[in-house]
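Trainee: give me a model of this one.
(2 chains)
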Amino acid sequence: MILTPGIIARLAVLGALVAVAQVVCFSKMDIFGTSPDVALLVVISVGLLGGSLTGAVAGFSIGLLIDCLLLETMGAFALTMLSVGYVAGRYRETLGRPTRAALVLVGGALTLLGALVIAAIQIGTGIDANVSFLVVRDALVKSLLGALLAIPVLLVVRLVVRSALVDERRAARRTPAPRPVESG
Amino acid sequence: MYRKQVRRRRAVLLLLVAASLTLLSLYYREGNGGPIHGVQDVVSTVFSPISSGADRALKPVRDLVNWFGETFDARGDRSKLEDQVATLRDQLARNQTQQHEAKELSALNELTSGGIVPDGTDPVTARVIGRSPTVWYSTVTIDKGSSDGVRIDDPVVAAQGLAGKVTQTTPVTAQVTLITDADSAVTARVTPSGATGVVEPDVGNPNDLQLDFLERGARIAESQMVVTAGFSTGDLGSIFPPGIPIGKITQATVEEQQAYQRVHLEPFADLRDMDFVKVLTTHSGGKKG
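Mentor: Down below sits the predicted model:
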């Protein structure tokens, strides 16, 4: 991904919108007892399209904004999304563009990774109460939703940053131009 | 060239991780008036009108998705009603939204006007505009803040019972930590037996709470109601006024080895699906909503 000021601005607007939408809308949805983590999927998509550095910075920024919007422990979601964005980017850098099937698996696995990181932070900062087994179910259902939504979210993010994608430009150049129709 | 890129990538990653960890540790170390809390307040205040507007605008979408979830649960009726529902879906979602809000507000008013609100308390009605995306933080954000008279530690009630307490405020928003949060503990009394204990959460399970430190001899039975105890000892006192319904006992078993009894209860308030809450403010000043 070629990061021009225009693309950075687009990513910033997308990040701000998705952070607000996550807090006011997606987190309040109830699908099989949990809610989809669309903000995390956007970070995964940015990482898969732009690489580890872009993924990490996008994850840190969106996570920090969610921390601020929720008045939660500053740095908790930032660290979680930064880790997930970085891993998604490293996947892209080492294994190349994921196929559709791989994308579903990556979406599910990285959503699960996000749930594990936030759990580790919460346990690391101290927890006095009992922890229900339902936490595990929540993480698994969330990762299942992550797998289901990975492709549509990636398509939306790709649409936003399409002009900056090197692979798609090359693909467009390889496509032969239509022959002019001879008349007369 | 490649090595330079790798070095740069590692440096940025280390910088971001260090920034996150620094923020985390500073946040815990500083008080509520510290600079990081200040930055959070400013960002939350700036985004509050956007969040509030987006919450209202996206509510039909949310309700539509939730409606799909509920429909999935009612599979038996689904096939019979599918055609009919398809045409009425949008209209139904809108109507249900309005009806749900009116019902919730009405229940809230009934609860707070039923004598549970102590004298000198001024309930402020607030809309829930944000929710944490993880089960580890059972908090919600409301659209009323310190300029509306909301202060830290003010009790918060939902339509059916106790919801939690205010743990952070900005001028226009506040964070409510729910009774299902890992940090929550509420002194409570079982009615009619009068036994008292501490209500604690079962993290990750919003439908289960535990009433701990009950005397072993206390007679506790299923379906008994648990309300806030609201104790007061000298200068020390519970922040929750007495008599606010919390939940009903679902499981009461006595374990032989324990010095105290521990029972399970189900909260009355549907903490995953609240649109409105009332903050029981006790301070004068600020406009009331």
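
Trainee: now do the helices in the chain.
Mentor: The chain I'm using is chain A. A:5-24, A:38-50, A:52-70, A:76-95, A:100-124, A:134-161, A:166-174 (DSSP state H).

Trainee: hm, I was asking about chain B
Mentor: Going by DSSP H, chain B shows helices at B:2-29, B:35-73, B:75-111.

Trainee: return the most buried member of those helices.
Mentor: Across the helices of chain B, the average number of neighbours (mean count of other CB atoms under 10 Å in any protein chain shown) peaks for helix B:35-73, which reaches a mean of 16. Where you see a C-beta, it was placed from the backbone N, CA and C, and this is true even at glycine.

Trainee: ok, now which ones touch the residue in the stretch 101-250 of chain B that chain A sits nearest to?
Mentor: Here the residue of the stretch 101-250 of chain B nearest chain A is B:G204; by CB to the nearest CB that distance is 3.3 Å. Contacts were defined as CB atoms under 8 Å, 6 or more residues apart in numbering or on different chains; by that measure B:G204 touches A:V131, A:S132, A:F133, A:L134, A:V135, A:D138, B:V135, B:W136.

Trainee: so which of the helices of chain B gets nearest B:L178?
Mentor: With CB to CB as the criterion, B:L178 lies closest to helix B:75-111 of these, at 15.9 Å.

Trainee: remind me which residues of chain A are low pLDDT?
Mentor: A:167-184 (pLDDT under 70).

Trainee: backbone dihedrals for B:S184, please?
Mentor: Backbone torsions of B:S184, given as degrees, to the nearest 10, read phi -80, psi 140.

Trainee: correction: B:I152
Mentor: Per degrees, to the nearest 10, the backbone of B:I152 is at phi -60, psi 140.

Trainee: sorry, back to before: quick one: the residue of the stretch 101-250 of chain B closest to chain A from A:L134, how far?
Mentor: 4 Å (CB to CB, to the nearest Å).

Trainee: try B:R10
Mentor: The gap separating B:R10 from A:L134 is 38 Å, by CB to CB.

Trainee: same check, this time on B:Q175
Mentor: Remark: distance between B:Q175 and A:L134 (CB to CB) = 23 Å.

Trainee: those two: which is more packed in?
Mentor: B:Q175 (25 against 19; other CB atoms under 10 Å in any protein chain shown).

Trainee: quick check: that one touching A:L71?
Mentor: Yes. Taking CB atoms under 8 Å as the definition, B:Q175 is a contact partner of A:L71 at 3.9 Å.

Trainee: who touches both of the two?
Mentor: With CB under 8 Å, 6+ apart, B:Q175 and A:L71 have common neighbours B:T139, B:T141, B:T167, B:Q168.

Trainee: any quick PyMOL command for the buried ones out of those residues?
Mentor: Here is the PyMOL command that picks out the buried ones among the shared contacts of B:Q175 and A:L71, judged by 16 or more other CB atoms under 10 Å in any protein chain shown:
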select buried, chain B and resi 139+141+167+168
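
Trainee: which residues does B:V140 bridge with?
Mentor: B:V140 forms beta bridges with B:R131, B:V176, as assigned by DSSP bridges.

Trainee: ok, B:V186 next?
Mentor: B:V199.
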